[in-house]
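>>> Pasted the sequence and its predicted model underneath.
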Amino acid sequence: MAKRVFSGARPTGRQHIGNYFGHILNLIALQEEYDCFDCVVDLHALTTLESTATLQQDVNDMVIDWLAAGVDPEKSVVFVQSHVPEIAELHLLLSMVTPLNWLLRVPTFKDKVKMHPENVNYGLVGYPVLMTSDIVLYKGEVVPVGEDQLPHLELAREIVRRFNSMFGDVFPEPQAKLTEFPMIVGLDGSGKMSKSAENYLEISSTPDEIRRRISTAFTDPARKRRTDPGHPEVCNVFSLHKMFTPRRVVEIETECRGAGIGCVDCKKLLAQGVVDYFGPLRERREALVREPEYVRNVVADGARRAAVVARQTLEEVKSAMNLKS
Ligand code: TRP
């Protein structure tokens, strides 16, 4: 039997190029080999959300982008965390076997306390317990994550070991699978592309938006005049060329170094590459937007399939804990 993959992503709405290379492409590759559960973790979003006004829209936009990119709901179970309420019960049970001091030393928790001392709610402390519950409710064995999530995964493993040693082997110990992908730089050259830095480009942008956004992107700061030679190795537009115009990248590098091509033209080439690259995705997305019923069915069917597994696990957990005869 194929191993079970559980992957979770917070509902961040329309996906950007960083999400695409860091997460979505991975889901598409994994679905060929594994038994994949792709979950939109809307409850996790509540730990830091000030308002839920756009939550439904964000969940929906993310799912549509996944489907448009090629996540196949016949191969993967695509669902929303809160649609399977068993998660809340397992979270409660696991909270009883998780020492508070394990949670208080989690680096992401400490960071959040530092950043928002006024907003340290009970749910935030339990974030890793909820994450563990996600994984083990579906008996996830492999969990694709970025490096920043490794402490959470280590904690999940500790909770699993503790539970299993107290109540018997119910859960497999989940393994992190590091998602290796080239870091996608933001358009402002400030580092990683991210929603909060507002330096992102959405994969569903129209060709006009793509051209406009890329025309304002930062390039090699040392290249002040058109005649100055460029330094592709420090230019974020060049690093995007590697992804979107792979066949011309050698030529562009040479031209840039020799001042044969200017930044304006270089950005036009990149914009065209991005427009072409996401063309088919944009078309599929438009078709999906015209069929809201189909998308609703995908997540409803995902929730049904996920719930079958969730109920079974919870039965086992409750018997193991003597909550059920
Ligand atoms: N904490 C993860 C993140 O911020 C999201 C997440 C929630 C998750 N539950 C999960 C990831 C379970 C993997 C498995 O990216």
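Great, that's in hand. Residues are numbered from 1 along each chain as shown.

>>> Any residues of this protein in contact with the ligand? List them.
Within the chain, the positions adjacent to the ligand are 6-8, 10, 41, 44, 131, 134-135, 143, 145, 149, 152 by Cβ under 6 Å from any ligand atom. Every residue, glycine included, has its C-beta placed from N, CA and C.

>>> Can you name the residue of the stretch 201-325 of the chain nearest to the ligand?
Ala306 (13.0 Å; Cβ to the nearest ligand atom).

>>> same thing with the stretch 151-300 of the chain?
Closest point on the stretch 151-300 of the chain to the ligand, by Cβ to the nearest ligand atom, is His152, at 5.9 Å.

>>> Check whether the residue in the stretch 1-150 of the chain that the ligand sits nearest to sits in a helix, strand or coil.
Nearest residue of the stretch 1-150 of the chain to the ligand: Gly8, at 2.6 Å (Cβ to the nearest ligand atom). Local secondary structure at Gly8 is given as strand here, using DSSP: H, G, I helix; E, B strand; the rest coil.

>>> beta partners of it?
Cys39 (DSSP bridges).

>>> How many neighbouring residues does it have?
When neighbours are defined as other Cβ atoms under 10 Å, Gly8 has 21 of them.

>>> For Leu150, see how far away it is.
Gly8 sits 14 Å away from Leu150, going by Cβ to Cβ, to the nearest Å.

>>> about what we covered before: my guess is the residue of the stretch 201-325 of the chain closest to the ligand contacts Ile87. True?
No: using Cβ atoms under 8 Å, Ala306 is not in contact with Ile87, being 9.5 Å away.

>>> higher neighbour count, those two?
Ala306 (25 against 22).

>>> Surely Ala176 is in a strand?
Yes: counting by three-state DSSP, Ala176 is located in a strand.

>>> confidence score at it?
Listed pLDDT for Ala176 reads 96.

>>> Begin at 5, not 1, for the rest of this chat.
With 5 as the first residue, the last one maps to Ala180.

>>> so how many other residues sit close to it?
Residues near Ala180, counting by other Cβ under 10 Å: 18.

>>> Please, which helix or strand holds Val147?
strand 146-149 (DSSP states H and E).

>>> After that strand, which helix or strand is next? Please name it.
Following strand 146-149 in sequence, per DSSP H and E, is helix 154-171.

>>> For that next one, buried residues please.
If you call a residue buried by 16 or more other Cβ atoms under 10 Å, then helix 154-171 has these buried ones: 156-157, 159-164, 167-168, 171.

>>> what residues are up against Ile188?
21-22, 25-26, 196-197, 244, 247 (Cβ atoms under 8 Å, 6 or more residues apart in numbering).

>>> 10 Å - rerun?
20-26, 196-198, 204-205, 240, 243-244, 247 (Cβ atoms under 10 Å, 6 or more residues apart in numbering).

>>> Go through those and flag which are in helices.
Among the contacts of Ile188, the members found in helices (DSSP state H) are 21-23, 240, 243-244, 247.

>>> Restricted to buried residues, select these in PyMOL.
Remark: buried members of the ones in helices among the contacts of Ile188, expressed as a PyMOL selection using 16+ other Cβ under 10 Å:
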select buried, resi 21+22+23+240+243+244+247
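
>>> Adding distance to Ile214 and pLDDT as columns, could you present the ones in helices among the contacts of Ile188 in TSV?
Output for these, formatted as TSV (distance: Cβ to Cβ, whole Å; pLDDT from 0 to 100):
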residue	distance to Ile214	pLDDT
Ile21	10	96
Gly22	15	94
Asn23	16	95
Asn240	15	91
Ser243	17	92
Leu244	11	94
Met247	14	93
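
>>> Format the ones in helices among the contacts of Ile188 as a markdown table; extra columns: distance to Gly74.
Below are the ones in helices among the contacts of Ile188 laid out as a markdown table (distance: Cβ to Cβ, whole Å):
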| residue | distance to Gly74 |
| --- | --- |
| Ile21 | 16 |
| Gly22 | 18 |
| Asn23 | 14 |
| Asn240 | 26 |
| Ser243 | 24 |
| Leu244 | 21 |
| Met247 | 17 |
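
>>> Can you tell me which of the ones in helices among the contacts of Ile188 is nearest Leu59?
Among the ones in helices among the contacts of Ile188, Asn23 lies closest to Leu59 (Cβ to Cβ), at 17.4 Å.

>>> Not counting its neighbours along the chain, what's nearest that closest one?
Thr16 (7.0 Å; Cβ to Cβ, 6 or more residues apart in numbering).

>>> Give me the pLDDT value at that neighbour.
96.

>>> residues touching it, list them.
With Cβ under 10 Å, 6+ apart, Thr16 has these contacts: 23, 27, 44, 49, 62-63, 65-66, 69, 198-200, 204.

>>> List the contacts of the closest residue to Asn203 other than its chain neighbours.
Nearest non-adjacent residue to Asn203, counting by Cβ to Cβ, 6+ apart: Gly190, 2.8 Å away. Residues near Gly190 by Cβ under 10 Å, 6+ apart: 20-22, 196-198, 201-205, 221-222, 240.

>>> Quick one, which of those are buried?
20-22, 197-198, 203-205, 221-222, 240.
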